[in-house]
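Asker: Sequence and predicted structure below; questions after.
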Amino acid sequence: MNAIFLGAAGLFLFLLLATFNALVVPASSNIACATNMCVLVRTFSEYQTVFGAGLAVFAAYVAAKPVWLQVNRMKMDQEIAARDMIARRIRGMEKRKSISKREMDELLDDIHRTIYPHPVEYEYDPDSLDMQWVHNKMHHCGQVALSLEKMQINMLDTATVESRRQLLITALLNLEKCFDDICAYARLSGDYEVSDDDLEKIRRVGLREQELLPTKVQTLSDEYDALSTGMADEIIKLRRRVRRIDDEILVDEG
C-alpha cells in the first residue's frame with residue numbers, strides 16, 4: 001500500500017512539474033528565470049532523473065520493510081522452535097543420565113563391596129569369589145548393557161555422548177564375558193557332554209579371568225565416569241545455547 005501511494009505521489013509530482021514547467025519556465029534554456037518559482041521548477045526539471053531515482057529507492061525501502069519484518073519474525077519463530085527442541089533434548093538427556101547412574105552405581109557398588117570386602121587393606125582375593133554371585137553379576141551386566149543399548153537405538157543424544165556410551169556398553173559386555181568364564185567351570189562340571197579336556201581348559205580360562213577381574217571392573221568404572229562427564233558437559237553446552245536464544249529473543253522483543 002505504501003509503495004502504491006509513493007508511486008502515485010511520484011506521478012502527481014511529475015505531472016505537476018510538467019505543468020509548472022510549461023507555465024512559468026521560458027521555452028528557451030538561454031533565457032534566464034525571472035522568478036523564484038521559475039528557478040525552482042527549472043532545477044527540478046533538470047535534475048528530475050536524480051530526484052526520481054531517489055524517490056524510487058525510498059519507495060523500494062518502504063515496500064521492502066514489511067518483508068524484512070516478516071523475515072525477522074520467521075527467524076524468531078525458528079529460534080523459538082529450536083529452543084523448545086533443545087530443551088526437550090536436555091530433559092531427555094538428564095533422564096537417561098539419571099537412569100544410567102542408578103543402574104551403574106548399583107552394579108559397581110555391589111562388585112566393589114564383594115571383591116574388596118576390606119576397603120582399608122584394598123586387597124582382592126580371587127579364591128573368595130562365590131560362583132553363584134558371579135553368575136548373578138554376569139546377568140546383571142547383561143541387563144545394564146541392554147538398557148544402555150536401547151538408549152543408543154533411539155539416537156536422541158549427541159554423537160559424543162553416544163560414542164562414550166558405546167564404550168561403556170563394550171566394557172559391560174567384556175565384564176559379562178569375564179564373569180561367564182569365571183563361573184563356567186562350576187556350571188559345567190556336572191555336564192556329561194563336556195569332556196575332561198574341555199573342562200580343564202574352561203577351568204584354566206576361569207582362573208585367568210579371576211585374576212583379570214579387578215582390571216576389567218576398573219575399565220568399566222573409568223568408562224562410566226567418562227560417560228557421566230561427557231553427558232554433563234553436553235548438557236551444559238545445550239543450556240548455554242538455550243540461554244543465547246533466550247537473550248536474542250528478548251533483545252528482538254525489546
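Answerer: Ah, there it is.

Asker: separation between the nearest residue to Asp246 once chain neighbours are set aside and Lys150?
Answerer: Spatial nearest neighbour of Asp246, chain neighbours left out: Arg83 (7.0 Å); criterion: Cβ to Cβ, 6 or more residues apart in numbering. To be clear about C-beta, it is placed using only N, CA and C from the backbone, and glycine gets the same treatment. Distance of Arg83 to Lys150, given as Cβ to Cβ, to the nearest Å: 28 Å.

Asker: Look at those two and report which has more neighbours.
Answerer: Arg83 (18 against 10; other Cβ atoms under 10 Å).

Asker: pLDDT below threshold where in the stretch 101-250 of the chain?
Answerer: 118-122 (pLDDT under 70).

Asker: can you give me the helices for it?
Answerer: 131-154, 159-188, 196-253 (DSSP state H, counting those that start in this stretch).

Asker: for the residue nearest to Asp246, what are its contacts?
Answerer: Applying Cβ atoms under 8 Å, 6 or more residues apart in numbering, we find Arg83 in contact with 242, 245-246, 249.

Asker: Which of the residues you listed ranks first by neighbour count?
Answerer: Ile245 (19 neighbours).

Asker: Which of the contacts of Arg83 sits closest to Ile99?
Answerer: Val242 (22.5 Å; Cβ to Cβ).

Asker: wait, isn't that closest one in contact with Arg91?
Answerer: No. The criterion here is Cβ atoms under 8 Å, and Val242 misses it with Arg91 at 11.4 Å.

Asker: tell me, what's touching these two both at once?
Answerer: By Cβ under 8 Å, 6+ apart, no residue touches both Val242 and Arg91.

Asker: nearest spatial neighbour of Leu188, skipping sequence neighbours?
Answerer: That would be Val194: by Cβ to Cβ, 6+ apart, it lies 5.0 Å from Leu188.

Asker: hang on, isn't that neighbour packed against Arg187?
Answerer: No. Counting by Cβ under 8 Å, Val194 does not reach Arg187; the two are 9.9 Å apart.

Asker: how many other residues sit next to the residue lying closest to Thr114 once chain neighbours are set aside?
Answerer: Closest residue to Thr114 in three dimensions, ignoring its sequence neighbours and counting by Cβ to Cβ, 6+ apart: Trp133, at 6.3 Å. Trp133 has 16 neighbours, counted by other Cβ under 10 Å.
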